[in-house]
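# Give the three-dimensional model of this entry:
(2 chains)
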There are 2 protein chains.
Amino acid sequence: MNFSGKVVIAQGGGPTQVINESLVGAVLESRKFSQVTKIYGALNGVEGLVNEEFIDLTQETTNNLEKVAKTPSAALLSTRVKPDKAYCKEIFKVLKAHDVRYFFYIGGNDSCDTVRIVNKYAQEENYEFRAIHIPKTIDNDLVLNDHSPGYGSAARFVTQAFMGANLDNKALKGVYIGVVMGRHAGFLTAASSIAKKYPDDGPHLIYLPERPFYMDQFLKDIKQVYDQYGRCVVAVSEGIQDEKGVPIVTKLCKNVETDAHGNPYLGGSALGELLGNEVKKKLNIGRVRADTFGYLQRCFVSCVSDIDLMEAREVGERAAQFALWEDVDGSVTIQRTGKYSVDYQLRSLKEIGGKTRTMPDEFINEKGNYVTEAFYQYCRPLLGSGLPSPSKLRAPRVAKILNK
Amino acid sequence: MNFSGKVVIAQGGGPTQVINESLVGAVLESRKFSQVTKIYGALNGVEGLVNEEFIDLTQETTNNLEKVAKTPSAALLSTRVKPDKAYCKEIFKVLKAHDVRYFFYIGGNDSCDTVRIVNKYAQEENYEFRAIHIPKTIDNDLVLNDHSPGYGSAARFVTQAFMGANLDNKALKGVYIGVVMGRHAGFLTAASSIAKKYPDDGPHLIYLPERPFYMDQFLKDIKQVYDQYGRCVVAVSEGIQDEKGVPIVTKLCKNVETDAHGNPYLGGSALGELLGNEVKKKLNIGRVRADTFGYLQRCFVSCVSDIDLMEAREVGERAAQFALWEDVDGSVTIQRTGKYSVDYQLRSLKEIGGKTRTMPDEFINEKGNYVTEAFYQYCRPLLGSGLPSPSKLRAPRVAKILNK
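Next up, the predicted model:
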């Protein structure tokens, strides 16, 4: 058995459907280890760590924890703060003052990097400490992972949204553009392809940040589909960019807000509106509609993948086991081991922190306007069981009498 | 038994989650009557009636019909065409040529008016004919109905969306504005209130087309909530208007598209963006986000109310019974008879066609920025069973040590 002390858990970055499963997995697993004196939750991620804003999860009922696990968004609240070394030094002071010996941070690649820096301080100070990064991101952009907790449920939302949008667009014809989250990685936008059941179903076109976006080709592609079906459903990633890496939204729009890291805010509905206007003007199509899925796609209550739920729970449990049983630091990763099965491996914080994975070439078609069968095989299991399957009428046509 | 002949069913207006339940209810019930020679479906609503675009639903399998019933959007496709008298005369010619004696049209108040005019022609021509309007609209704006099929499921979507948006906004604080469908009636926007579980939950403010919208008051309201909770979740109807009835979006935005009826298209995301910009500028709040729910709210696959599904099926069944058994014309209406039970009554086409119901005064608070308990009691049963209920952590705070 290794050193005793407190466990602190926190959540960072954008919320997901299943991030609380990881929290509850880590809490309940930690309770099994006698060297754990207490289990704290830090509020608002690293902000809570610096400001000593803790709640004592040791005193939370198991029953309520299980209910929270099924609730989307971050129960410990979140933060967009990306700490530097000085900030991490402050975090470490607080952890030391409270005799925190185990730190679990649920988040994306920035959160992983935070864990790495805090852990480095602990080592430099010869403080007995274990730090584990627990993965989560709807963008699915963590390197060395087959996929990330949160992606499957968000992908399911996108799929179900496009299933409905396709049916709606079929009933009232026109061009429909759905804008999906994803700054650099197109995984979430690509999931729209799972919505396609019948050959004429949308989405007919998918545009990803991994391929340069050319307005001329975009319009040509839509025209071709529209000429064939009298309608067109398009999935577009908010992060589509030109061949120089400039986001299309900043080219079409004058005033784009930037965040603390200087990244342009892509989540607004400007891109959809602007693309829609181009289609309307240049292709002279009357009914053009654009939806930006916005925050619904990451937190819509009860649209969830059972596979995603289970894996989110397990990465939390494994985090506690790695730290408390195996006495190691690192980032928990998901590896695919079969059709469909996974295993969890610990990788070093340095390998994953701050790095971004994008869609591999084999998942994108040659034209760069759709995904491949390999992507379908990759993505489908992650959406879980019980995915709806729309049906259409197959009754025969009736011969005309008046033939006007 | 009354006269024999064919049944024609069609669907008009915006699709809903449950409109195919009504279709299948009417088809399966019609099959039980021996005077029905065949059951046709007209494609694209009244367009199919004029152009003789029929499919023979007599030849559709019951199994597939049941699967189609559970599929959102209009399986017979839809139309936005609002026929005048000359158009209805053409419809009547086609119905006569195909020996159609029973006509069921699933749609809103415009569709009801179409049924009325076609029926009038039949009477004037002494043609034995029965015409029934089957109600559907997510806007819930049919007069003489307690509510309309399609509303409960769309309301459930809006509720679940705001449940998630509230949790998201709590985790990453700021102002969140969700724009909901509803040109004149605020019922769908008002359903966002069902998302509130804990006292500090959003939506904190709800703005409806039934009350004049003043930008100054809107900003004051948001500031008050923001000062109290450090965040604010707002539900806004796309149809909010000033005291003269001018839509706010047309006041804030220069180029608003108009439809065939000359109505401004309110469904774009301009309103949310523009309101968000006002909040950002005038209240100096950094994180302001706006989502426009768009087409997701009427066709998102599998977000459905079981009560809504059942009633949509029954209004279809009752339509066939009224025409084929009771030998009468009219519009099927839903009446609430208990807590919670309903009954279906036939009202005249004239009473309902072309008329719009809005929220009664008792459903809106005095300030015009929220709904009342009476609305909650009205709306909650319509969302059906198994509504998710988010949970939060209740663990106690930990005393600070460093107290920085």
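
# pLDDT averaged over the helix with the most length in chain A - what is it?
Ranked by residue count, the top helix of chain A under DSSP state H comes out as helix A:151-171. The pLDDT scores in helix A:151-171 average 98.

# For that helix, enumerate the helices and strands it packs against.
The criterion is 3 or more C-beta pairs under 8 Å, 6 or more residues apart in numbering or on different chains; DSSP states H and E, and the helices and strands that helix A:151-171 contacts are strand A:175-180, helix A:187-190, strand A:232-237, helix A:296-299, helix A:306-324, helix B:296-299. Heads up, the C-betas are built off the backbone N, CA and C, glycines and all.

# Apply 10 Å and report the result again.
Here helix A:151-171 touches strand A:175-180, helix A:187-190, strand A:232-237, strand A:288-292, helix A:296-299, helix A:306-324, helix A:373-379, helix B:296-299, going by 3 or more C-beta pairs under 10 Å, 6 or more residues apart in numbering or on different chains; DSSP states H and E.

# And the closest residue to A:Gly202 other than its chain neighbours, how far from A:Gly186?
Once flanking residues are discounted, A:Gly202 sits nearest to A:Val233: 2.5 Å by C-beta to C-beta, 6 or more residues apart in numbering or on different chains. With distances taken as C-beta to C-beta, to the nearest Å, A:Val233 is found 17 Å from A:Gly186.

# between the longest helix of chain A and strand A:232-237, what angle do the directions make?
150 degrees (axes from the mean of the first three to the mean of the last three C-alpha atoms, to 10 degrees).

# relative to strand A:175-180, how tilted is helix A:151-171?
Interaxial angle, helix A:151-171 versus strand A:175-180 (the same axes, to 10 degrees): 170 degrees.

# hmm, back to that, surely the residue nearest to A:Gly202 and A:Ser193 touch.
No. Taking contacts as C-beta atoms under 10 Å, A:Val233 lies outside contact range of A:Ser193: 11.1 Å.

# Isn't A:Lys280 up against B:Tyr265?
No. Contact criterion C-beta under 10 Å: A:Lys280 and B:Tyr265 do not qualify, at 11.4 Å.

# give me every residue that touches A:Val332.
Shown in contact with A:Val332 (C-beta atoms under 10 Å, 6 or more residues apart in numbering or on different chains): A:22, A:26, A:104, A:106, A:132-135, A:145, A:149, A:314-319, A:321-322, A:344-347, A:352.

# Mind checking which of the residues you listed are buried?
A:22, A:26, A:104, A:106, A:132-135, A:145, A:149, A:314-319, A:321-322, A:344, A:346-347, A:352 (16 or more other C-beta atoms under 10 Å in any protein chain shown).

# I figured A:Asp308 hits A:Ala155, correct?
Yes. Judged on C-beta under 10 Å, A:Asp308 makes contact with A:Ala155 at a distance of 8.4 Å.

# Break down the stretch 51-200 of chain A into its strands, ranges please.
Remark: strands assigned in the stretch 51-200 of chain A by DSSP state E, counting those that start in this stretch are A:54-56, A:100-107, A:130-135, A:175-180.

# Would you reformat those strands as a markdown table and include distance to B:Thr292 and mean pLDDT?
As requested, the strands of the stretch 51-200 of chain A are exported to a markdown table (distance: least, C-beta to C-beta, whole Å; pLDDT from 0 to 100):
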| stretch | distance to B:Thr292 | mean pLDDT |
| --- | --- | --- |
| strand A:54-56 | 35 | 98 |
| strand A:100-107 | 29 | 98 |
| strand A:130-135 | 31 | 98 |
| strand A:175-180 | 11 | 97 |
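
# which residues do A:Val233 and A:Ser193 both contact?
With C-beta under 10 Å, 6+ apart as the test, A:Val233 and A:Ser193 both reach A:Phe162, A:Gly202, A:Pro203, A:Ile206.

# how far away is the last one from B:Asp146?
Using C-beta to C-beta, one gets 43 Å for the distance from A:Ile206 to B:Asp146.

# okay, these two: which has more neighbours?
Shown here are A:Ile206 and B:Asp146; by other C-beta atoms under 10 Å in any protein chain shown, A:Ile206 has more neighbours (28 against 16).
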